[in-house]
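Student: Structure for this input, please:
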Amino acid sequence: FVMLKKTRPDNHVENVGYKLRHVIMEILNRLPNNDVLRPYAVELLNVAMTVLIQDYEENALISSRIIFDLHKNYRMLMDHVQQFLTHVQVMYRNLQSIVLNTFSESPNAIQDSSVVSGKTQSSHTAPTPMDS
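Tutor: Numbering: from 1, shown residues only. Here you go, the predicted structure:
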C-alpha cells in the first residue's frame, strides 16, 4: 500500500513507475477476499479510492474492480459507500466537459471545415434510406 501512496501516477505507459503501479494494482486485485484480508479491507479501500481518483484509465479500472469486490464481500464497509458514490456523481457531472475537451476539433480544424462546400460536407454524412 505504501508504494501506491508515495508514488505519483505517470501517464507514460513505458515508464517503470507506471508499470510498477499497474502490477501492484493487479496483485491487489487478485488477493482473495477472505478473513485474512478483512483487517486490511478499509485501508485497501482507501488506497483503491485514491488510485481511482488520481490515476489513469487502466489503474482506475482495476481500482474500481477492487472497490466493487471489497463492498461485495465485506459488509463492514457500508460506511464507505458514500465516498465512492460521491466520486461517481462528480465523474458524471464532469462528463460533458471532458467529452468536449477530448473530442473537440482544434481551432484550425474548425476554420478548415467552414471552408468546405455544402456538397462535400453532405458526402461525409451517412446515406438515408431515401437516397438508395
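
Student: Would you tell me which helix is longest in the chain?
Tutor: Ranked by residue count and defined by DSSP state H, the top helix of the chain is helix 57-73.

Student: now for that one, which elements pack on it?
Tutor: For helix 57-73, the elements it packs on are helix 16-30, helix 41-54, helix 81-93, judged by 3 or more C-beta pairs under 8 Å, 6 or more residues apart in numbering; DSSP states H and E. All C-beta spots, glycine's among them, are computed from the backbone N, C-alpha and C.

Student: Can you list the low-confidence ranges for this protein?
Tutor: 1-13, 106-132 (pLDDT under 70).

Student: can you do 80?
Tutor: For the chain, the stretches with pLDDT under 80 are 1-18, 98, 105-132.

Student: one step back: determine the angle, from 0 to 180 degrees, between the longest helix of the chain and helix 16-30.
Tutor: 20 degrees (axes from the mean of the first three to the mean of the last three C-alpha atoms, to 10 degrees).

Student: before we move on, the earlier item: pick the most deeply packed of the helices and strands packed on helix 57-73.
Tutor: Mean neighbour count (mean count of other C-beta atoms under 10 Å) peaks for helix 41-54 among these, with a mean of 18.

Student: Going by contacts, tell me the helices and strands next to that one.
Tutor: So helix 41-54, by 3+ C-beta pairs under 8 Å, 6+ apart, packs with helix 2-6, helix 16-30, helix 57-73, helix 81-93.

Student: hmm, back to that, which parts of the longest helix of the chain are buried?
Tutor: 59, 60, 62, 63, 64, 66, 67, 69, 70, 71 (16 or more other C-beta atoms under 10 Å).

Student: secondary structure class for residue 105?
Tutor: coil (DSSP: H, G, I helix; E, B strand; the rest coil).

Student: burial count for it?
Tutor: 10 (other C-beta atoms under 10 Å).

Student: What distance do you get for it to residue 40?
Tutor: 47 Å (C-beta to C-beta, to the nearest Å).

Student: Alright, I will stop here.
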